[in-house]
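**Student:** Build me a model:
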Amino acid sequence: MDASFAALGLWGLFASSFLSATLLPGNSELVFVALVHHAPELEGRALAVATLGNTLGGLTSYAVGRLFPKPRESRAVAWLERYGPAALLLSWLPGIGDGLCVASGWLRHGVVAATAFIAVGKFARYWALAEGLGWWRGVA
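**Tutor:** Here you go, the predicted model:
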């Protein structure tokens, strides 16, 4: 694969994964799978880039939560009050993941713990996608 194409693909994946983890719409899973499908040699780098971009996007939502006062009540706040920062392992979930990151900021969870749990959750999602793609290749 041409090095400039690989670099462009990884930068596009970073942008997609970052934006997908904020309150903006996006679908980094499709970009990740497409890149790894067309350039399997980039799988490790793509996993790292997608995890980094998605984690930084989640931390952006966390920072937004730190800027605003906590609302009276929400499902995300209730989850985080019950389970603590470990609930951020689910920050990859569509629909509630962004809310969990914002709520973690509202609750003033430590940034190190929030970062660790967000990163592990995001990594697990992309790793599962890569494994699923590998399985599909073996079957197809």
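
**Student:** low-confidence ranges in the chain?
**Tutor:** Where the chain drops to pLDDT under 70, the residues are 1, 23, 139-140.

**Student:** the longest helix in it is where?
**Tutor:** For the chain, the helix reaching the highest residue count under DSSP state H is reported as helix 111-139.

**Student:** Of all the residues in it, which ones are buried?
**Tutor:** Counting neighbours by 16 or more other CB atoms under 10 Å, one finds that the buried residues in helix 111-139 are 114-123, 125-126, 129-130, 133. Where C-beta positions appear, they are placed from N, C-alpha and C, glycine not excepted.

**Student:** Mind giving me the packing neighbours of it?
**Tutor:** If contacts are counted by 3 or more CB pairs under 8 Å, 6 or more residues apart in numbering; DSSP states H and E, helix 111-139 sits against helix 28-38, helix 43-67, helix 97-106.

**Student:** related to what we said a few turns ago, just the buried residues of helix 111-139 now: which is nearest residue 13?
**Tutor:** Using CB to CB, the shortest approach to residue 13 within the buried residues of helix 111-139 belongs to residue 126, at 9.8 Å.

**Student:** Could you give the number of residues near the nearest residue to residue 26 once chain neighbours are set aside?
**Tutor:** By the measure of CB to CB, 6 or more residues apart in numbering, the closest residue to residue 26 outside its immediate chain neighbours is residue 20, 3.3 Å from it. Around residue 20 sit 25 other residues, with neighbours defined as other CB atoms under 10 Å.

**Student:** Okay then, goodbye and thanks.
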